[in-house]
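1. Quick one, structure for this:
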Amino acid sequence: QVQLVESGGGLVQPGGSLRLSCVASGSIISINVMGWYRQAPGKQRTLVATIISGGLTNYADSVKGRFTISRDNAKNTVYLQMNSLKPDDTAVYYCNADATVYDGSYRRLEYWGQGTQVTVSS
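-> Okay, here's the model as predicted:
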């Protein structure tokens, strides 16, 4: 129904920057909320940032002032600009979408991407 494909992860030194992208495709009527979550080894998946269709954003305290989430509604794409990266930011980053789809009936469902690895290390 909906596929989310992330890109932009990689290895970066502390203090560096990365930009993640996530493109949603499929039988999408609208995407209500898009967001980024992350999961470090041995830890639970946690919220990084979310953005609703109107542009209102929400961030985890640990990334406020360093990360910026944005979206292009026309392209069904969400971005995460990550600056001043720290080793503690190392994790697999997952894209999330709360979308209304039509497959014979209208349904509002949650979808996840496959994840992209971000490693912050010198």
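2. any idea where the strands of the chain begin and end?
-> Under the criterion DSSP state E, the chain contains strands at 2-7, 10-12, 18-26, 28-39, 46-52, 57-59, 67-72, 77-82, 91-102, 106-112, 116-120.
3. Compute the inter-axis angle for the last one and strand 77-82.
-> In this case it means strand 116-120. 10 degrees (axes from the mean of the first three to the mean of the last three CA atoms, to 10 degrees).
4. quick one: buried residues of strand 116-120?
-> 116, 118, 120 (16 or more other CB atoms under 10 Å). Any C-beta I mention is one placed from the backbone N, CA and C, and that applies to glycine too.
5. got CSV for those, with distance to Gly54 and pLDDT too?
-> Shown next, in CSV, are these (distance: CB to CB, whole Å; pLDDT from 0 to 100):
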residue, distance to Gly54, pLDDT
Thr116, 26, 97
Val118, 28, 98
Val120, 32, 98
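6. Just put these in CSV and tack on distance to Asn73.
-> Shown next, in CSV, are the buried residues of strand 116-120 (distance: CB to CB, whole Å):
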residue, distance to Asn73
Thr116, 22
Val118, 25
Val120, 30
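7. So in terms of bridging, what pairs with the residue most central in space within the chain?
-> Nearest to the geometric centre of the chain sits Trp36, at 2.7 Å (CA atoms, centre = their mean). Beta-bridge partners for Trp36, by DSSP bridges, are Ala49, Cys95.
8. So the residue lying farthest from the centre of the chain versus Gly26, what's the distance?
-> Most distant residue from the mean C-alpha position of the chain: Gly104, 28.2 Å away (CA atoms, centre = their mean). From Gly104 over to Gly26 the distance is 14 Å, taken as CB to CB, to the nearest Å.
9. Next: Leu47.
-> 23 Å.
10. and if you look at Arg108?
-> For Arg108 relative to Gly26 (CB to CB), the value is 14 Å.
11. Now the common contact residues for those two.
-> Common neighbours of Arg108 and Gly26 (criterion: CB atoms under 8 Å, 6 or more residues apart in numbering): Val101.
12. Show me what counts as buried in stretch 2-20.
-> For stretch 2-20, by 16+ other CB under 10 Å, it's 2, 4, 6, 8-9, 12, 18, 20.
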